[in-house]
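Novice: Fold the following for me, if possible:
(one chain, ligands or ions: 1)
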Amino acid sequence: MSRNRSLHNPNLTSFPNPSPEFGALTRNSSVTFIPDTLLWWPSYSYRKESGIGFSGEDFFYRDGKFGVRYFVPTGCVLVNEETAAKSEDIPDDDMEYKILKMAKVFAPNKGKVETLRRFVEDGGVRSLTGVIHFANDTEGPPGFVHGGATFTAFDQLVGVMVHYYALHSPHMTLNLTIHYRKPMPLGSVQFFHLRIAKTEGRKMYVDGCIFDPSAGDADEEPFDVAGWDFSQTIPEKYARAKVEGVFYRLAGIEYLEQNRKDSRL
Ligand SMILES: CCCCC/C=C\C/C=C\C/C=C\C/C=C\CCCC(=O)SCCNC(=O)CCNC(=O)[C@H](O)C(C)(C)COP(=O)(O)OP(=O)(O)OC[C@H]1O[C@@H](n2cnc3c(N)ncnc32)[C@H](O)[C@@H]1OP(=O)(O)O
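Specialist: Predicted coordinates:
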């Protein structure tokens, strides 16, 4: 049996650098790695108060619980200095302009210039791909990841994707459904592939999966991540968990402040 078990390393507490999984994605020409400084949003309040950005290749949810690296389809960089400069004549109280200014700070200044609207019109796939490490303290069933940890990971990953493609305009989760297909081995490094299925008004419909190249049939070669065309969905048999959900664009971040006041928090 030539099954690749290298992804399941119970002793792994942080990302090996560079990990074989990360390497497989960087060799895939249909995806581009975005340093997660551009997407990382650990705490909106903290960030706002401190003005501190975050660096490093790994994303961790609290104390080393999840580590994440992100990729987007090649040629889908949303905005750069040039695009942002063209928006100088937009009034300052315009929400989209504020978002563009944020994006100017956070978006990578390289690659092809694509605005969100242009990209959508082109019918391109809006997706996010990456590797995620479930460290040992996410344990639920003995030897496996807790379903709540999987859910949190999905909510965060999809949230990051939605905010990325919406040029950082604030969205909240309306609903999220997880289908647990196969137990998630504790300490394993998994891949995820998420996409925006459609946008309707203020709603963004999303779907995707966390998948494991070695989760297919035992007599097959593992799934070829380096050669896979990520504009396609991942074959069902590799999915450990699948997700579908809807995110909703808020009129402004002030909505959250108003809710805090209303709740007397
Ligand atoms: C989280 C914001 C952060 C902002 C940060 C800014 C920039 C960020 C940049 C990067 C961020 C990076 C990462 C972020 C990572 C993760 C994101 C975390 C996401 C979360 O973890 S977030 C917490 C859980 N989330 C909630 O806490 C939502 C509570 N909720 C509400 O606050 C209201 O519900 C609201 C405002 C959403 C809508 O309320 P509303 O009054 O404005 O509008 P209304 O009620 O009319 O609903 C409008 C349409 O949604 C339909 N609808 C309503 N509820 C539904 C449901 N449950 N399922 C299906 N459809 C539903 C209605 O049927 C109607 O549909 P239709 O228009 O078709 O009739």
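Novice: Need the nearest residue in space to H179, chain neighbours excluded.
Specialist: Distances taken as C-beta to C-beta, 6 or more residues apart in numbering place K242 nearest to H179, at 4.3 Å, with adjacent residues excluded. Placement of C-beta: from N, CA and C, glycine included.
Novice: Tell me how many other residues surround the one you found.
Specialist: By other C-beta atoms under 10 Å, 18 other residues sit near K242.
Novice: Quick check: E220 is in a helix.
Specialist: No. Going by DSSP: H, G, I helix; E, B strand; the rest coil, the assignment for E220 is coil, not a helix.
Novice: Torsion angles phi and psi at it?
Specialist: Backbone dihedrals for E220, given as degrees, to the nearest 10, come out at phi -100, psi 160.
Novice: mind checking how far it is from D212?
Specialist: Separation of E220 from D212 (C-beta to C-beta, to the nearest Å) stands at 13 Å.
Novice: So the two - more neighbours on which side?
Specialist: Per other C-beta under 10 Å, whichever of E220 and D212 has more neighbours is D212, with 23 against 11.
Novice: who's F134 bridged to?
Specialist: F66 (DSSP bridges).
Novice: residues touching it, list them.
Specialist: K65, F66, V145, A149, T150, A153, M184, L186, G187, S188, Q190 (C-beta atoms under 8 Å, 6 or more residues apart in numbering).
Novice: and which of the residues you listed is nearest D137?
Specialist: Relative to D137, the closest of the contacts of F134 is K65; by C-beta to C-beta it sits at 5.9 Å.
Novice: confidence score at the closest one?
Specialist: The model reports K65 with a pLDDT of 42.
Novice: Over to Q190?
Specialist: Taking Q190 on its own, its pLDDT is 86.
Novice: Now it: which helix or strand?
Specialist: Using DSSP states H and E, Q190 sits within strand 189-200.
Novice: If you count neighbours, what's buried in whichever helix or strand comes after that strand?
Specialist: Once the chain leaves strand 189-200, the next helix or strand it forms, by DSSP H and E, is strand 203-211. For strand 203-211, a neighbour-count test (16 or more other C-beta atoms under 10 Å) marks M204, V206, D207, G208, C209, I210, F211 as buried.
Novice: What's the mean pLDDT across the following helix or strand past strand 203-211?
Specialist: Using DSSP H and E, the helix or strand that follows strand 203-211 in sequence is strand 239-249. For strand 239-249, mean pLDDT rounds to 96.
Novice: And the contacts of strand 239-249?
Specialist: By C-beta under 8 Å, 6+ apart, the residues outside strand 239-249 that reach it are 150, 154-155, 158-159, 162, 166, 169-184, 190, 194, 202-212, 215.
Novice: for this protein, which spans come out with low pLDDT?
Specialist: 1-19, 33-124, 167-168, 252-253, 265 (pLDDT under 70).
Novice: right, and the secondary structure at the residue of the chain found nearest the ligand would be what?
Specialist: Nearest to the ligand, among the residues of the chain, is G159, at 2.2 Å (C-beta to the nearest ligand atom). Applying three-state DSSP to G159 yields a three-state assignment of helix.
Novice: do A251 as well
Specialist: coil.
Novice: Residues of the stretch 51-200 of the chain that sit close to the ligand?
Specialist: D155, Q156, G159, V160, H163, H168, P170, M172, T173, L174, N175 (C-beta under 6 Å from any ligand atom).
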